[in-house]
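[1] Output the structure for:
(one chain, ligands or ions: 2)
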Amino acid sequence: MKIVNHQLNKLPGLAALPDEITAEGYDQPTDYTPNRDPDYIFRLDDVRVLLGHMTSDTSAGLLLWGHRGSGKSSLPNQLCAYLNRPLFSMHGHSSLEWEDFLGAKEIVDGDTITMDGPLVQAWQMPLATFLLEEADRIRTQVSVALNPLLDGYDIVHTLDSGRRIKRARDVRLVFTANTNGQGDMTGDYNSAVSMDTSLLDRVWAHKVPYPSPEEEFTILRKAVDSQIGDEQIRKSIAFANDVRYLHAGEDTEVSSSAQSLDVSGAIHTTISTRALCELWRVMSKFPYVDNPIIYALRLVVTNKCTPECADAIHKLAEAQFAGD
Ligand SMILES: Nc1ncnc2c1ncn2[C@@H]1O[C@H](COP(=O)(O)OP(=O)(O)OP(=O)(O)O)[C@@H](O)[C@H]1O
Ligand SMILES: [Mg+2]
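    Numbering: from 1, shown residues only. Ligands and ions are numbered 1, 2, ... in the order given. The predicted structure follows:
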């Protein structure tokens with residue numbers, strides 16, 4: 001397998017980039033390259049940061065943070081998929097131990113052998129990304145063990161007699177989290193912990209926002225059944241943005257149809273790009289029920305809300321889709 005340069009304007013969503021903008025990857029997928037999502041659309045503001053980090057002369061990590069379903073995990077997965085780069089991921093949780101990063105000892109035919117974990121595997125493979133998902137759910141005593149690696153030191157494989165493992169060329173450490181490391185400031189992510197500032201000092205941080213209406217239209221247009229009209233898709237995006245603005249307390253940004261409803265203060269949830277895609281999938285599955293939009297909204301969003309919040313969200317949807 002050879003390392004080659006890929007033209008970035010071949011990637012979905014990046015056609016406007018000039019031919020000279022390229023990025024290194026392999027000429028074919030490695031055994032550790034994620035699958036491509038045919039519906040995925042790259043967003044320039046996010047790609048710029050991730051690619052800049054991949055190609056910078058730095059040992060620092062990159063923290064991609066933001067609301068659920070905004071596109072944090074799919075970004076590194078899809079960039080690696082399109083560049084045929086290897087990606088090794090782990091998911092953070094409160095019982096994760098440092099040894100889980102390094103590997104495990106197993107008995108095979110009576111012999112004890114060390115199986116390398118995802119971090120050790122990534123560390124030895126040129127151009128690999130180690131993706132640590134939900135990094136703000138890991139106990140800080142564990143996550144700070146990454147500090148020496150973020151400073152550029154070798155892995156010391158304590159499960160394998162302290163073997164030192166050098167970082168292969170351009171291996172990158174990327175984190176995802178719903179918070180920016182300061183703990184849950186919104187009440188939405190109550191299992192998030194405050195990350196240690198010594199770790200935060202060793203990462204770049206980029207907020208992955210929900211897509212702009214135009215970007216989200218491109219995403220949904222590709223993902224949603226072609227029989228659904230553009231206008232319907234645009235209405236669903238306007239509705240999602242009303243919910244997002246009200247949830248964020250940015251009441252002055254909401255559409256005029258939402259302004260008159262006086263539901264400010266009742267919205268305790270947001271609508272992610274994931275939920276919006278799912279909403280359309282469910283609506284396509286149940287087109288013949290009485291009110292397909294509310295039916296799908298209940299399944300995807302509002303059956304998980306307080307009654308007041310559910311009611312407010314239904315009113316916002318009805319206002320956007322009025323007349324359909
Ligand atoms: N740029 C995009 N193009 C196409 N689909 C997208 C895009 N961004 C998000 N989506 C849709 O939203 C879903 C969620 O994206 P992703 O898993 O990246 O979110 P996340 O930010 O990691 O969420 P969480 O915080 O819940 O882990 C994707 O599976 C996809 O359906
Ligand atoms: Mg994710």
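[2] Help me confirm that residue 120 comes into contact with residue 99.
    No - contact between residue 120 and residue 99 fails when scored by C-beta atoms under 8 Å: they sit 11.0 Å apart. C-beta coordinates here come from the backbone N, C-alpha and C atoms, glycine included.
[3] and stretch 169-187, is it in reach of ligand 1?
    Yes - shown here: stretch 169-187 in contact with ligand 1 (C-beta under 6 Å from any ligand atom) through 176, 178.
[4] So which residues on the stretch 101-250 of the chain come close to ligand 1?
    So the stretch 101-250 of the chain meets ligand 1 at 176, 178, 219 (C-beta under 6 Å from any ligand atom).
[5] Could you tell me which of those belong to helices?
    residue 219 (DSSP state H).
[6] which one of residue 120 and residue 99 has more residues nearby?
    Neighbours were counted for residue 120 and for residue 99 using other C-beta atoms under 10 Å; residue 120 has more, 21 against 14.
[7] Within the helices and strands, which one has that one?
    Element membership for residue 120 (DSSP states H and E) is helix 118-123.
[8] for residue 70, same thing?
    Per DSSP H and E: residue 70 is located in neither a helix nor a strand.
[9] from memory residue 69 sits against residue 274, does it?
    Yes - using C-beta under 8 Å, residue 69 is in contact with residue 274, at 3.2 Å.
[10] Have a look at those two and say which one is more surrounded.
    Neighbour comparison, residue 69 and residue 274: the larger count goes to residue 69, with 18 against 14 (by other C-beta under 10 Å).
[11] Now the more buried one: phi and psi?
    Dihedral pair for residue 69: phi 60, psi 30, per degrees, to the nearest 10.
[12] Serialize the residues of the stretch 101-250 of the chain next to ligand 1 to CSV and add fields for pLDDT and neighbour count.
    Converted to CSV, these look like this (pLDDT from 0 to 100; neighbours: other C-beta atoms under 10 Å):
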residue, pLDDT, neighbour count
176, 98, 24
178, 97, 20
219, 95, 23
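[13] quick one: buried residues of the longest helix seen in the chain?
    Taking DSSP H as the criterion, the chain has its longest helix at helix 230-248. For helix 230-248, the neighbour count (16 or more other C-beta atoms under 10 Å) marks 232-247 as buried.
[14] do stretch 251-270 as well
    For stretch 251-270, a neighbour-count test (16+ other C-beta under 10 Å) marks 254-255, 257-258, 261, 263, 266-270 as buried.
[15] now stretch 110-130
    Neighbour counts using 16+ other C-beta under 10 Å place 114, 116-123, 125, 127-130 of stretch 110-130 among the buried residues.
[16] Show the end-to-end separation of it, please.
    In stretch 110-130, first residue to last residue: 32 Å (C-alpha to C-alpha, to the nearest Å).
[17] again with stretch 288-297
    Across its full length, stretch 288-297 reaches 15 Å between end residues, using C-alpha to C-alpha.
[18] Spit out the contact partners of the spatially closest residue to residue 216 that is not a sequence neighbour.
    Once flanking residues are discounted, residue 216 sits nearest to residue 237: 5.0 Å by C-beta to C-beta, 6 or more residues apart in numbering. For residue 237, the contact set (C-beta atoms under 8 Å, 6 or more residues apart in numbering) comprises 213, 216-217, 220, 276.
[19] So which residue is dead centre in the chain?
    Nearest to the mean C-alpha position of the chain, counting by C-alpha atoms, centre = their mean, stands residue 72 at 1.8 Å.
[20] tell me the phi and psi of it?
    As for residue 72, its main-chain torsions (degrees, to the nearest 10) stand at phi -70, psi -50.
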